[in-house]
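**Student:** Provided below for reference: sequence and predicted model.
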Amino acid sequence: MSRFGRFAAGFGVAAVAIVIAAWFDGTVMQAAQQESAGSFDLGPEIITGTVGFVLIGGGALVIALTGWRVRSLSLAIAYMVVGGFFVLLEVIVWRLASEINGARPVLPQPIASAISHIYTWQAGPLNAVPILAAATFITGVAILVTTVARPRSSPSGPPSPTEESDA
């Protein structure tokens with residue numbers, strides 16, 4: 001597979017995992033909470049929450065394994081940027097993109113509005129997106145460290161037969 005194909009596969013897996021987790025947390029889990037609040041029956045919420053936690057753990061594992069198999073510098077940087085953005089999204093929203101006590105947001109209105117929409121989209125009771133984003137960021141750091149620290153193979157090719165027999 002080409003370098004770009006491997007990058008696209010690694011990035012695509014992380015993106016799909018985060019989108020599925022955001023959908024589950026923001027739609028399915030919130031609907032289960034509303035149903036439980038209306039009927040005073042915690043069964044659906046507990047079962048849905050359990051499925052959500054398994055989904056989050058599996059998503060983190062899939063992101064880590066895919067990133068480790070691909071192991072490219074560009075994927076490490078992408079994982080760190082995207083993961084870091086979603087991990088810090090709450091800080092970005094409340095410190096830079098929100099109007100608090102009449103003070104204007106630091107970010108320009110179009111950017112602040114887009115960030116607020118992303119924050120609302122990913123928000124859920126399980127915090128699935130920040131957890132998967134943290135796993136993505138950590139995977140990116142691990143890939144970066146191993147990619148930079150990996151010894152480069154010599155361009156001269158395999159060792160000669162006499163070098164192998166001396167050992």
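**Tutor:** Nice, thanks for sending it over.

**Student:** Thr66: neighbour count?
**Tutor:** By other Cβ atoms under 10 Å, the residues close to Thr66 number 20. No exception for glycine: its C-beta is placed from N, CA and C like everyone else's.

**Student:** From Ser116, how far off is it?
**Tutor:** Applying Cβ to Cβ, to the nearest Å, the value for Thr66 to Ser116 is 30 Å.

**Student:** Now do the contacts for the closest residue to Ala123 other than its chain neighbours.
**Tutor:** Nearest non-adjacent residue to Ala123, counting by Cβ to Cβ, 6 or more residues apart in numbering: Gly26, 6.4 Å away. The neighbours of Gly26, taking Cβ atoms under 8 Å, 6 or more residues apart in numbering as the test, are 121-124.

**Student:** If you rank the residues you listed by neighbours, which is first?
**Tutor:** Gln122 leads the contacts of Gly26 on contacts (other Cβ under 10 Å) with 23 neighbours.

**Student:** thought that one was touching Glu90?
**Tutor:** No: between Gln122 and Glu90 there is no contact under Cβ atoms under 8 Å: 9.8 Å.

**Student:** Quickly list what's touching both of those two.
**Tutor:** Counting by Cβ under 8 Å, 6+ apart, the residues touching both Gln122 and Glu90 are Pro130.

**Student:** by contact count, what packs against the longest helix seen in the chain?
**Tutor:** Using DSSP state H to assign secondary structure, the helix with the most residues in the chain is helix 43-70. Contact analysis of helix 43-70 by 3 or more Cβ pairs under 8 Å, 6 or more residues apart in numbering; DSSP states H and E lists helix 3-23, helix 30-39, helix 73-87, helix 128-149 as its packing neighbours.

**Student:** Any chance of those in JSON lines with mean pLDDT, distance to Gly49 and mean neighbour count as columns?
**Tutor:** As requested, the helices and strands packed on helix 43-70 are arranged in JSON lines below (pLDDT from 0 to 100; distance: least, Cβ to Cβ, whole Å; neighbours: other Cβ atoms under 10 Å):
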{"stretch": "helix 3-23", "mean pLDDT": "91", "distance to Gly49": "13", "mean neighbour count": "17"}
{"stretch": "helix 30-39", "mean pLDDT": "83", "distance to Gly49": "7", "mean neighbour count": "14"}
{"stretch": "helix 73-87", "mean pLDDT": "94", "distance to Gly49": "21", "mean neighbour count": "19"}
{"stretch": "helix 128-149", "mean pLDDT": "92", "distance to Gly49": "11", "mean neighbour count": "20"}
